[in-house]
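K.L.:
Compute the structure for the input listed below.
(chains A and B)
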Protein chains: 2
Amino acid sequence: MGYYVTVIDPTPHSPAGQVVDKQIVADFTDEKAIRELAAQSDYLTFEIELSNATILDEISRMGVEVNPSAKTLTLIKDKLLQKQFLQKAKIPTAECRAIEMLADLELAAKEYGFPFLLKARFDAYDGRGNALIRSKADIRRGLEKLKGRLLYVEKYVPFIKELAVMVARSTTGEVKVYPVVETIHKNNICHTVLVPAPIPSIIQNKAQQLAEETMKSLHGAGVFGLEMFLTKKGDVLINEIAPRVHNSGHYTVEACVTNQFEQHIRAITGLPLGETDLVSSVAVMVNILGKKLSTARISGLEKALKFPNTAVHIYGKAETKPERKMGHITVTGSSMKVVHHHAMKARKFISI
Amino acid sequence: MGYYVTVIDPTPHSPAGQVVDKQIVADFTDEKAIRELAAQSDYLTFEIELSNATILDEISRMGVEVNPSAKTLTLIKDKLLQKQFLQKAKIPTAECRAIEMLADLELAAKEYGFPFLLKARFDAYDGRGNALIRSKADIRRGLEKLKGRLLYVEKYVPFIKELAVMVARSTTGEVKVYPVVETIHKNNICHTVLVPAPIPSIIQNKAQQLAEETMKSLHGAGVFGLEMFLTKKGDVLINEIAPRVHNSGHYTVEACVTNQFEQHIRAITGLPLGETDLVSSVAVMVNILGKKLSTARISGLEKALKFPNTAVHIYGKAETKPERKMGHITVTGSSMKVVHHHAMKARKFISI
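P.N.:
Residues are numbered from 1 along each chain as shown, chains lettered A, B, ... in the order given. Model prediction:
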């Protein structure tokens, strides 16, 4: 698009660093590095919630466009604040409450019943920061796991599917909503994304409307990933907002007119947003997660790519670790059954 | 795809250099640089015919895979040899002959009639290296223009359309053919590409068959751009072979399942080739050419991107020059008339 791009990442030759013009090697929250980046940039953005909201706020006051806004980041970083904001905006979400002492936990158990969730308010992703409390005996174990962190409790939603919707809002106010997808998690980590979600169209519409409503309430521009629960009764609730391009949106590279990455850049630089239509009937995205701690060495591409309409993305991380996101596979086509089957088989051939 | 990529380019921070892992700043034919690149690479390829075939040949003997092969490069670099090869393989192409003295030119004029083409055998692209000889008086002017170069003459083909077909061949022998497109040139430079070419399907099939035949005769793997002439009688002739990804294939990024760039990498590394099907009914690609000599500064993106299904690619060249290829626009959609109109209007908004 003609932009000169610099990124901050603590790992030299990071995935983003490998494709942009320049990388500043520093921690995501490094004040000096963020100021250095701001000094050479017209637009500032982030794609990890760990960013330093206080400094971003200060920088945006100095005239550099920061999107999503520091205000949005502050709201989303704190998962309790995020949930309370949704409740205030009358957007359906799981009930929750802050806890300060053990008595609050016992009260929650009484009010919500077992199971319920004990969650860290900050820096929780890919399941790091959650504990499912099935019985009174689990309370102590949960508190031990999340020791030293600010916590809240959340009513357990007995969902039948997890859905996700990517939404873009430009600095001009324009909003575009992507199709509703189903996300399949294992150990709280996204494994597979089915596009479009195999659900009735009435539920699809409900989820897309919910996504639009949520975006109307939120400030700031960019691409957002909205994670949702679908209940047996057909209710759709917001589970979580990610203020960034999202794993559940990687399918857009092959399956949509405009992919989430270009869309994000259009959104934060005030360009017209691109179309979000699917260019294939269905798509399945499956993550390539690491197995053990070692130097990353990919094999099996020659077998995985034998399946039709299959694309393999490797992120270029030098080290692989158990459950680390090392890449993903997207398969497009016309039959969900066939495409899903091919994606699973292609995945089995790749090792990293 | 997980590959570590190094390029040679004489301009620091070159278009390719901006997105790959490492750039060696050197001339394309620099022997030392090519050897340095080969020493750190498993696969070697090129995307400009100016490469040094002699060294590539030597390197491939040393065990580094070079594709397209040095043999193919040698054949294609010399446009006379290329044409003679096609004639030997009984592939329809314009008549031609080597010239060594003025008498040969006069003979050609007698045999082919006016107009005919006087052409440089080597290093001719984007019209640099051609002279149209309309009358006896043009002969001296043509010789003056191409002074000091090895020349040949070619019969003028009174074509009604120029067509192009991208073809990929893997080191495993697998071949995939892309749709037939129409290319519209001004001053011998590609301006617009219409996808698919608005021609009867019988002509499309003929062009695709011709492309496959040509590839069967050629050695080496990679993506090739085949330029063709369509005559009034419905004959299709090969005009030129480009042994590389090609301007007439840029549309594949938005409009095909597998784009020509990924396809080339699959082809030279022996991976299965990707599907070449269109993902939209029609597409139009229009080049963004420079107007004058100056520092490149792009404007008008916010207007150009208002047209639906429009993507703008800027190559990141620091300097703009008259007729220099600075970027391109691709518009996809369902109606050729609408898409063509949008592409032209979007192009008018961009200045660089």
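
K.L.:
The residue of chain A most remote from its centre is in what secondary structure piece?
P.N.:
Distance from the C-alpha centroid of chain A, by CA atoms, centre = their mean, peaks at residue A:103 (32.9 Å). In this structure, residue A:103 sits in helix A:102-112 according to DSSP states H and E.

K.L.:
Could you see whether chain B lies near stretch A:266-278?
P.N.:
Yes: using CB under 8 Å from any CB of the partner chain, stretch A:266-278 reaches chain B at A:266, A:270-272, A:274-275. From N, CA and C alone the C-beta is placed, and that goes for glycine too.

K.L.:
Kindly indicate which of the residues you listed lies nearest residue A:338.
P.N.:
residue A:275 (26.0 Å; CB to CB).

K.L.:
Name the residue of the stretch 51-200 of chain A that lies nearest to chain B.
P.N.:
Residue nearest to chain B within the stretch 51-200 of chain A: residue A:172 (9.1 Å; CB to the nearest CB).

K.L.:
From residue A:64, how far off is that residue?
P.N.:
Applying CB to CB, to the nearest Å, the value for residue A:172 to residue A:64 is 18 Å.

K.L.:
Looking at the two, which one has more neighbours?
P.N.:
residue A:64 (16 against 12; other CB atoms under 10 Å in any protein chain shown).

K.L.:
Not counting its neighbours along the chain, what's nearest the more buried one?
P.N.:
residue A:38 (4.9 Å; CB to CB, 6 or more residues apart in numbering or on different chains).

K.L.:
Burial check on the residue of the stretch 251-352 of chain A found nearest chain B, number of neighbours?
P.N.:
Taking CB to the nearest CB as the measure, the point where the stretch 251-352 of chain A comes nearest chain B is residue A:314, at 3.3 Å. Using other CB under 10 Å, residue A:314 has 19 neighbouring residues.

K.L.:
how about the residues of the stretch 151-300 of chain A near chain B?
P.N.:
Counting by CB under 8 Å from any CB, the stretch 151-300 of chain A sits next to chain B at A:254, A:257-258, A:262, A:266, A:270-272, A:274-275, A:279-280, A:298.

K.L.:
Quick one: neighbours of the residue nearest to residue A:293 when sequence neighbours are not counted, just the number.
P.N.:
Spatially, and ignoring its direct neighbours in sequence, residue A:293 is nearest to residue A:321 (5.2 Å; CB to CB, 6+ apart). Residues lying near residue A:321 (other CB under 10 Å) number 15.

K.L.:
got a pLDDT number for the residue farthest from the centre of chain A?
P.N.:
If you check residue A:103, the pLDDT there is 84.

K.L.:
hang on, the earlier thing: identify the residues contacting the residue of the stretch 51-200 of chain A closest to chain B.
P.N.:
Neighbouring residues of residue A:172 by CB atoms under 8 Å, 6 or more residues apart in numbering or on different chains: A:270, A:272.

K.L.:
So, low pLDDT: which residues of the stretch 1-150 of chain A?
P.N.:
A:49-51, A:125-127 (pLDDT under 70).

K.L.:
the helices in it, which residues?
P.N.:
A:31-39, A:53-61, A:70-77, A:79-88, A:102-112, A:136-145 (DSSP state H, counting those that start in this stretch).

K.L.:
how about the shortest one as CSV, C-alpha atoms only?
P.N.:
Spelled out, it's helix A:70-77. In CSV, the C-alpha atoms belonging to helix A:70-77 read as follows (Å, rounded to 0.1, in the frame of the first residue of the first chain):
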residue,chain,number,x,y,z
ALA,A,70,-5.8,4.1,24.3
LYS,A,71,-9.2,4.4,25.9
THR,A,72,-10.4,1.3,24.1
LEU,A,73,-7.2,-0.6,25.0
THR,A,74,-7.6,0.4,28.7
LEU,A,75,-11.2,-0.9,28.6
ILE,A,76,-10.4,-4.1,26.9
LYS,A,77,-7.2,-4.9,28.8
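
K.L.:
Give the other helices and strands that it contacts.
P.N.:
Counting contacts by 3 or more CB pairs under 8 Å, 6 or more residues apart in numbering or on different chains; DSSP states H and E, helix A:70-77 packs against helix A:53-61, helix A:79-88.

K.L.:
With just CA atoms, put the longest one into CSV.
P.N.:
It refers to helix A:79-88. Extracted in CSV, the C-alpha atoms of helix A:79-88 (Å, rounded to 0.1, in the frame of the first residue of the first chain):
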residue,chain,number,x,y,z
LYS,A,79,-11.6,-8.1,31.3
LEU,A,80,-13.8,-7.1,34.2
LEU,A,81,-14.1,-3.6,32.9
GLN,A,82,-14.8,-5.0,29.4
LYS,A,83,-17.6,-7.1,30.7
GLN,A,84,-19.1,-4.3,32.8
PHE,A,85,-18.9,-2.0,29.8
LEU,A,86,-20.8,-4.5,27.7
GLN,A,87,-23.5,-4.9,30.4
LYS,A,88,-23.9,-1.1,30.6
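
K.L.:
For the residue lying closest to residue A:320 once chain neighbours are set aside, give me its contacts.
P.N.:
Excluding its sequence neighbours, the residue lying closest to residue A:320 (CB to CB, 6+ apart) is residue A:290, at 3.7 Å. Counting by CB under 8 Å, 6+ apart, residue A:290 touches A:296, A:320-326, A:352.

K.L.:
Span of stretch A:168-184 from start to end?
P.N.:
Separation of the first and last residues of stretch A:168-184 by CA to CA, to the nearest Å is 23 Å.

K.L.:
and if you look at stretch A:115-128?
P.N.:
Start-to-end, stretch A:115-128 (CA to CA) is 18 Å.

K.L.:
Now the residue in the stretch 1-150 of chain A that chain B sits nearest to. Its backbone dihedrals?
P.N.:
Nearest residue of the stretch 1-150 of chain A to chain B, counting by CB to the nearest CB: residue A:2, 3.4 Å away. Here is the backbone geometry of residue A:2 (degrees, to the nearest 10): phi 90, psi 10.

K.L.:
show me what contacts it?
P.N.:
B:298, B:301, B:312, B:314, B:316, B:327.

K.L.:
And those residues, which two are furthest apart?
P.N.:
B:301 and B:316 (14.1 Å).

K.L.:
Quick test: name the residue nearest the centre of chain A.
P.N.:
Most central in chain A (CA atoms, centre = their mean) works out to residue A:246, at 3.9 Å.

K.L.:
how about the helix or strand hosting residue A:176: buried residues?
P.N.:
Following DSSP H and E, one finds residue A:176 within strand A:175-186. Counting neighbours by 16 or more other CB atoms under 10 Å in any protein chain shown, one finds that the buried residues in strand A:175-186 are A:176-183.

K.L.:
Same check on stretch A:19-39?
P.N.:
Buried, per 16+ other CB under 10 Å, within stretch A:19-39: A:20, A:23-24, A:26, A:28-30, A:33-34, A:37-38.

K.L.:
List the contacts of stretch A:297-316.
P.N.:
In this structure, residues lying in contact with stretch A:297-316 by CB under 8 Å, 6+ apart are A:13, A:15, A:18, A:250, A:253-254, A:280, A:288, A:325-333, A:339, A:342-343, A:345-347, A:349-352, B:1-2, B:257-258, B:262, B:266, B:270-272, B:274-275.

K.L.:
Of those, just the buried ones, PyMOL syntax please.
P.N.:
This is how PyMOL selects the buried members of these, with burial counted by 16+ other CB under 10 Å:
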select buried, (chain A and resi 15+18+250+253+254+280+288+325+326+327+328+329+330+331+332+333+339+342+343+346+347+349+350+352) or (chain B and resi 1+2+257+258+262+266+270+271+272+274+275)
